[in-house]
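# Give me the fold of what follows.
(chains A, B, C and D, ligands or ions: 2)
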Amino acid sequence: MYTDKVMDHFSNPRNVGEIDDANGVGEVGNASCGDIMKIFLKVEDDIIKDVKFKTFGCGAAIATSSMVTEMAIGKTLDEAWKLSNEAVAEALDGLPSQKMHCSNLAADALHEAIKNYRENKA
Amino acid sequence: MYTDKVMDHFSNPRNVGEIDDANGVGEVGNASCGDIMKIFLKVEDDIIKDVKFKTFGCGAAIATSSMVTEMAIGKTLDEAWKLSNEAVAEALDGLPSQKMHCSNLAADALHEAIKNYRENKA
Amino acid sequence: MRKIYMDYNATTPVRPEVLEAMLPFYTEHFGNPSSVHWAGRAVKGAIENAREQVATLINCSPAEIVFTSCGSEGDNFALKGTVDALKEKGNHIITTTVEHPAVLETCEYLEKQGCEVTYLPVDRDGMLDLQELEAAITDKTILISVMWANNETGNIFPIEEIGAIARKYKVRFHTDAVQVVGRIPVDMQKANVDLAVISGHKLGAPKGVGAIFVRRGTRMTQFMHGGHQERHRRAGTHNVAGIVGLGKACEIAQQTMELDAPRVRRLRDKLEKGIMEAIPEVKLNGHPDKRLPNTLNVSFAYIEGESILLNFDMKGIAASSGSACTSGSLEPSHVMCAMCVDIVLAHSSTRFSLGPDNTEEDVDYILQELPPIVQRLRDMSPLFNNDARMSCNQCRVVRRA
Amino acid sequence: MRKIYMDYNATTPVRPEVLEAMLPFYTEHFGNPSSVHWAGRAVKGAIENAREQVATLINCSPAEIVFTSCGSEGDNFALKGTVDALKEKGNHIITTTVEHPAVLETCEYLEKQGCEVTYLPVDRDGMLDLQELEAAITDKTILISVMWANNETGNIFPIEEIGAIARKYKVRFHTDAVQVVGRIPVDMQKANVDLAVISGHKLGAPKGVGAIFVRRGTRMTQFMHGGHQERHRRAGTHNVAGIVGLGKACEIAQQTMELDAPRVRRLRDKLEKGIMEAIPEVKLNGHPDKRLPNTLNVSFAYIEGESILLNFDMKGIAASSGSACTSGSLEPSHVMCAMCVDIVLAHSSTRFSLGPDNTEEDVDYILQELPPIVQRLRDMSPLFNNDARMSCNQCRVVRRA
Ligand SMILES: Cc1ncc(COP(=O)(O)O)c(C=O)c1O
Ligand SMILES: Cc1ncc(COP(=O)(O)O)c(C=O)c1O
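Ligands and ions are numbered 1, 2, ... in the order given. Purely as a prediction, here's the structure:
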């Protein structure tokens, strides 16, 4: 069902956890569809210095969360803003079609976290 | 499907043919249900001296025809009149249930032949 | 005793390669394809592989194949699923008097539910008049259902032409393709059919599995409600081994059909010619040419089908008959009746249907055993050497247009 | 890697003796049981033998057994065949909110066709209130359909008592017995059921075969129209090998059930106790006692089912979940929702269903592997150590009485 890359990120997820002094936090999903993703950002000089996640959800939800943290780290906020759910799925060599809407929300969570950072700063 | 006795009478039917100087002939069945039986009798002194049959029909039709000729031969008309389709089926160790009405008419054909003999005589 | 099987239209043995392909799915790979774990995963790919094998044989997209439990289910699904899905559009179905009972009895049931059904007659060769078909279409017509080939006579109907008519009037077209798939090439792209039914056990796959081609965009009400299998088109845990077998049988047919069909045709033609030469008063039932290469249906005048079959059986020959005694009903074959075959000849009709395992020797053996059997039964028949003639009026009357 | 299968409620491997009994029917005995000749004859007896084996296991007459293609077909037949046959009498069906989709989705379809359906709720243990059931009966009620045991929780419903109520009001009673036949003793004479559905692949027979008990005198409209098979109750060429397999599996179950059931129960109880002791915040789903001996359904709070299963799978453990991600729909298990299980716990529900091949070592292995998996996923979950609470109000709402 899942690609090797998905299984790799699912079984060895990168950047799991919380950032105590995060300056941007985003959360998407809801319990009823079975996926909740929370992204924590540490932004310095408009650059994502650190990013961590916590996810309740299926294999795809956990793998996309892990992947998005890898893709975001080191990027400027503007660059990170351009990351899409599709790009995350592609970086994982694809997801099963039924997983494309519900569980592929990690980039959305990242966007929420960037928005939150920007609001905090404003 | 058929008992050994049925198959014996089907593959080696007794008394097949016509009696040229028959004094009683009976026919039952019709083409639409696929069974036609014709019984020829040679009666002397109220006793069935000879009996032959011709049958168009399935295995059960041929076997019951053959069996009824064996059962009738040598009997008085009154004795032969008492032969029933059920008795014929029993003598064959039974017939499949779906064969009980359509193809088990040999005793009826015998009765028709006896009737015909009596009418001829009257 | 020698055993000769010439009843391939009734069912076929499972091909050894097919059985071999199936076996792992009873034991090591026994999982439910809906499961997430190893036991399910191993199996899901096998089903999708089989779907491709079936799709390749009939030239359609794998997504257009839905697996079923048999040909009868396919026909029930095609008819009932269409009637329910298109009930806003109309209630009229056009079919023929020579369909398999899976279509005919479903139509009779649907009539009780308020459908109008036109049963097109056939001529004495068992063929349709396409002008009559076209004329039967009304603005209430939602479905035309015509079998690709008839199981009793082997007659092949002009599916592409019927498809063109259906397309012209924008009427959905279903074909019962049970007797053709795996025997002669069929192409879902050329034939304008929307629904086509396949049964595994007619092409060397096991009994209890089938498939239906549902052209993309063909709206159907589910026949089997329940789980989400087959993309919610057919509920029920997959018959995994059966499906794998059907796929494999399609793959093999794809490879062997081109050589098998002419070989089988040659044997069938030899049998036909031999019978006609050796035995007087034999009638060919069906069209002389527009016929499956494997099927021969003849009536031996004056004698009844079951007793012919029993005598064949005593010689190891397996064939079938349109006699009432073998049809499970009280009437002889509705196909013979629809062709206006004399009722006695209908009861006499005997079908030889050949398959890839038959040989020249099989045909020679039958040609040697057949004449004395027919003669013996004729000598026993009150109709032989008798002028009484029967007519066709006692056949089951199927309502016509 | 070690492989442990604990998903017997999803499907079971075919027992070796069953496969052995089936094999001849693909090759030497490949005939169509409707045929008159040797190839058909060899097979007909095998089907009748299987019918007796099934009938013996559930204590009914062989004439009351109709072979089908799966459990789903049986449920569709039971419901649709009753609704059509009894439409003069009424249009009201009583069922429960925890039935298998084969019953629930058929009911939803029948509602569109004009039926009224009462979906009885269950309590938090997943059990019915029989007074509520009795109160739901009206003079339009034609059918009560309650499963014998639930596939997700293993809960066993009081079929004899429900049968007595049905009998009292002269309402037909159907039970989906898919999860009980072959696992615990069932007796059609004691249970006042009129219709009971069996699926082969839940008791060591292959997928793609099932049976339905139809009590003598129960008027049904055919579901599968066509040929005269099964005394005109179910058309379609018999799945001979599958039917032989089902018969054999019933015979084996008859012999082994008495020893297997307590052994499986002991293993299940050990697993249950072990999990509860080793892992905090685990909820048992279903009734503590009135349950199949082989089923354990638990929710591991804060973590999602599919990711649990994937982790199990990496350790070779096959189980199943009520999570939306594994249900083929967007909602978590309707059974969990009906029991008013918190929505997050519903997504976490995990079912272990044991079978005769499971061993003490299997249980020990799971008890060893499970705690770190749960801990790792909890550490990853935003819900763990978090006070946010979810409610049940987002579950699929099934219409209730
Ligand atoms: C309770 C219950 N009913 C019906 C079914 C459907 O059976 P099948 O998969 O054979 O169609 C199942 C299993 O899937 C079941 O567990
Ligand atoms: C033309 C035709 N349609 C449908 C069927 C039914 O197929 P099945 O026996 O698989 O239900 C058959 C064979 O029995 C057939 O010959």
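
# For C:Val54, pull up the helix or strand it's in.
Per DSSP states H and E, C:Val54 falls inside helix C:38-58.

# Do that helix and chain A come into contact?
Yes. Contact between helix C:38-58 and chain A, assessed by C-beta under 8 Å from any C-beta of the partner chain, occurs at C:Arg41, C:Lys44. C-beta coordinates here come from the backbone N, C-alpha and C atoms, glycine included.

# following that helix, which helix or strand comes up?
With DSSP H and E setting the assignment, the helix or strand that follows helix C:38-58 is strand C:65-68.

# can you tell me if the helix or strand following that next one touches ligand 1.
Proceeding C-terminally, strand C:65-68 gives way to helix C:71-85 as the next helix or strand, assigned by DSSP H and E. No. With C-beta under 6 Å from any ligand atom as the measure, helix C:71-85 is seen stopping short of ligand 1, the closest distance being 12.9 Å.

# Could you point out the helix or strand that follows helix C:71-85?
Counting by DSSP H and E, the element after helix C:71-85 in chain order, helix or strand, is strand C:92-96.

# where does chain A have low pLDDT?
By pLDDT under 70, chain A has no low-scoring segment.

# the helices in the stretch 301-401 of chain C, which residues?
For the stretch 301-401 of chain C, the helices identified by DSSP state H, counting those that start in this stretch occupy C:305-314, C:324-327, C:334-338, C:343-348, C:360-380, in order along the chain.

# To clarify, my last question referred to chain A.
Secondary structure of chain A, counting by DSSP state H: helices at A:4-11, A:59-72, A:77-81, A:85-91, A:106-121.

# With B:Ile114 as the reference, name the closest of the ones you listed.
When these are ranked by proximity to B:Ile114, the top entry is helix A:59-72, at 86.3 Å, counting by C-beta to C-beta.

# Could you confirm whether that closest one reaches chain C?
No. Using C-beta under 8 Å from any C-beta, helix A:59-72 stays clear of chain C, with a minimum separation of 8.7 Å.

# Just the CA coordinates for that helix, please, in PDB.
Backbone C-alpha positions of helix A:59-72 (Å, rounded to 0.1, in the frame of the first residue of the first chain) are rendered in PDB as follows:
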ATOM      1  CA  GLY A  59       0.700   5.900   8.500                       C
ATOM      2  CA  ALA A  60       0.300   8.600   5.800                       C
ATOM      3  CA  ALA A  61      -0.300  11.200   8.400                       C
ATOM      4  CA  ILE A  62       2.800  10.400  10.400                       C
ATOM      5  CA  ALA A  63       5.000  10.000   7.300                       C
ATOM      6  CA  THR A  64       3.900  13.300   5.700                       C
ATOM      7  CA  SER A  65       4.400  15.100   9.100                       C
ATOM      8  CA  SER A  66       7.900  13.700   9.300                       C
ATOM      9  CA  MET A  67       8.700  14.600   5.700                       C
ATOM     10  CA  VAL A  68       7.400  18.200   5.900                       C
ATOM     11  CA  THR A  69       9.600  18.900   8.900                       C
ATOM     12  CA  GLU A  70      12.600  17.600   6.900                       C
ATOM     13  CA  MET A  71      11.600  19.800   3.900                       C
ATOM     14  CA  ALA A  72      11.000  22.900   6.000                       C
END
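
# Buried residues in that helix, which are they?
A:59-69, A:71-72 (16 or more other C-beta atoms under 10 Å in any protein chain shown).
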